[in-house]
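Asks: just the structure for this:
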Amino acid sequence: MTRPAHRGMTEQAADAAVDQACRALRLPTMRSRFVEIADAAERQQLTYRGFLAELLMAECDDRDRRRSERRIRAAGFPREKWLTDFDYDANPAINPATINTLATCAWVRAGQPLCLIGDSGTGKSHLLIALGAAAAMAGHRVRYTLAAKLVNELVEAADEKILTKTIARYGRVDLLCIDELGYMELDRRGAELLFQVLTEREETNSVAIASNDSFSGWTKTFTDPRLYAAIVDRLTFSGNIIETGSDSYRLAHTRAARATA
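Replies: Numbers count the residues shown, from 1 in each chain. Model prediction:
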């Protein structure tokens, strides 16, 4: 037998009213989980306040999760990488305590830069993406791009007379992740445009870069000495520098797999 609900409503009518109200108020989690949480509250003999708190917390938690997922998608990461997946045993050059400190995102809130320097296969891109994802999960606006792609976009924007708008768009995000910096030589115009983006963000919003070359080797990428010095200064002042070493654990993993086979 159906028990009467508040003000003479049957439980079926009450459930329908809650469903309609949640639709109108755009509370999808409360709508989908109301019956489940109500039944659990009845079994646990929760007070009305306790039941309401459980219901509202479920909506808030799910809303936070959806926001985080949207920020991750908006960042434009090429693939999923998480700090929990990083193999510190395979790359002892990287200190887990340092990465755990960076994962708190205090450096992002302070607008500090981060440089990940090391040879291919040493985990630079993994850490860049994973730390960017951690920042997005913490509520920061993040954008990932390849250095060459960013420079090409800036050159096209300059040609189309929308450079100021494009630089401002990159300036608004809390963390800009630039991968593969130093892989190719930039002409003076491209280097100057990249410098404008870095200047826009200086000491305000963070920049994180991954490079397969040491700072001294960047003279091949930034051939103008003054631009080279200015860009290195922007990326190192009050910044965090992590050297991932020269031993490719990706190559070591491939060799080990072949040996096992």
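Asks: what's the helix or strand containing G132 in contact with?
Replies: Element membership of G132, judged by DSSP states H and E, is helix 124-137. With CB atoms under 8 Å, 6 or more residues apart in numbering as the test, helix 124-137 has contacts from 68, 71-72, 74-75, 77-83, 85-86, 94, 99, 102-103, 105, 108, 114, 116-118, 142, 144, 174-175, 177, 179-180, 208-212, 242, 244. All C-beta atoms are positioned from the backbone trio N, CA, C, and that covers glycine.
Asks: ok, which stretches of the stretch 151-261 of the chain are helices?
Replies: 163-172, 188-201, 225-236, 249-260 (DSSP state H, counting those that start in this stretch).
Asks: of those helices, which is nearest Y48?
Replies: helix 163-172 (43.9 Å; CB to CB).
Asks: pick the most deeply packed of the helices of the stretch 151-261 of the chain.
Replies: Counting by mean count of other CB atoms under 10 Å, helix 188-201 has the highest mean neighbour count of these, with a mean of 18.
Asks: other SSEs contacting that one?
Replies: Here helix 188-201 touches helix 147-159, helix 163-172, helix 225-236, going by 3 or more CB pairs under 8 Å, 6 or more residues apart in numbering; DSSP states H and E.
Asks: using a markdown table, please lay out those helices together with mean pLDDT and distance to A14.
Replies: Listed next are the helices and strands packed on helix 188-201 as a markdown table, based on pLDDT from 0 to 100; distance: least, CB to CB, whole Å:
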| stretch | mean pLDDT | distance to A14 |
| --- | --- | --- |
| helix 147-159 | 94 | 54 |
| helix 163-172 | 92 | 46 |
| helix 225-236 | 89 | 60 |
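Asks: which one of these lies nearest to Q196?
Replies: With CB to CB as the yardstick, what comes closest out of these is helix 163-172 (5.7 Å).
Asks: same list as before, the helices of the stretch 151-261 of the chain that is, but in CSV and with distance to T219 included.
Replies: Below are the helices of the stretch 151-261 of the chain laid out as CSV (distance: least, CB to CB, whole Å):
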stretch, distance to T219
helix 163-172, 25
helix 188-201, 11
helix 225-236, 6
helix 249-260, 27
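Asks: how about those, which one is nearest L154?
Replies: helix 188-201 (3.9 Å).
Asks: what angle do that closest one and helix 163-172 make?
Replies: When axes from the mean of the first three to the mean of the last three CA atoms, to 10 degrees is applied, the directions of helix 188-201 and helix 163-172 differ by 50 degrees.
Asks: what are the contacting residues of helix 188-201?
Replies: By CB under 8 Å, 6+ apart, helix 188-201 touches 111, 147, 150-151, 154-155, 158, 163, 167-168, 170-171, 176, 186, 207, 221-224, 227, 230-231, 234-235.
Asks: buried sites along the longest helix anywhere in the chain?
Replies: Longest helix in the chain, counting residues (DSSP state H): helix 48-75. Neighbour-count burial for helix 48-75, with 16 or more other CB atoms under 10 Å as criterion, is recorded at F51, E54, L55, A58, E59, D62, R71, I72, A75.
Asks: who does it touch, helix- and strand-wise?
Replies: Packed on helix 48-75, when contacts are counted by 3+ CB pairs under 8 Å, 6+ apart, are helix 28-43, helix 124-137, strand 142-146.
Asks: format the ones you listed as JSON lines; extra columns: distance to A17.
Replies: JSON lines is the format used below for the helices and strands packed on helix 48-75 (distance: least, CB to CB, whole Å):
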{"stretch": "helix 28-43", "distance to A17": "11"}
{"stretch": "helix 124-137", "distance to A17": "36"}
{"stretch": "strand 142-146", "distance to A17": "41"}
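Asks: my guess is S206 meets I178, correct?
Replies: No. Using CB atoms under 8 Å, S206 makes no contact with I178, being 11.1 Å away.
Asks: gap between A103 and V173?
Replies: 19 Å (CB to CB, to the nearest Å).
Asks: what is the burial count for the residue nearest to I242 when sequence neighbours are not counted?
Replies: Spatial nearest neighbour of I242, excluding adjacent residues (CB to CB, 6 or more residues apart in numbering): L116 at 5.2 Å. L116 has 26 neighbouring residues, counting by other CB atoms under 10 Å.
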